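> what follows is a predicted protein model with its sequence.
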Amino acid sequence: SLTPDQILSAQKANLETLFGLTSKAFEGVEKLVELNVTASRAALTE
């Protein structure tokens, strides 16, 4: 069976993976927002 240390390290690794994916998702959303703002400004200035 797993020791408490093994369980903790597995949970920590899972959390780190989750946080990594979450920050990547936020970066993607930020890029989309930037592109939309840029496109909107370009459309307004035409």
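Yes, it's here. Numbering: from 1, shown residues only.

> quick check: residue 16 vs residue 34, distance?
Shown here: residue 16 relative to residue 34, a distance of 27 Å by CB to CB, to the nearest Å. Where you see a C-beta, it was placed from the backbone N, CA and C, and this is true even at glycine.

> if you could redo that for residue 24, that was the one I meant.
Between residue 24 and residue 34 the distance is 16 Å, computed by CB to CB.

> same thing with residue 21?
Counting by CB to CB, the separation of residue 21 from residue 34 is 21 Å.

> also residue 11?
For residue 11, the distance to residue 34 equals 35 Å [CB to CB].

> same deal with residue 20?
Counting by CB to CB - residue 20 and residue 34 are separated by 21 Å.

> try residue 46
From residue 46 over to residue 34 the distance is 19 Å, taken as CB to CB.

> okay, the two: which has more neighbours?
Comparing residue 46 with residue 34 by neighbour count (other CB atoms under 10 Å), the higher total belongs to residue 34, at 10 against 5.

> that one: which element?
Using DSSP states H and E, residue 34 sits within helix 4-45.
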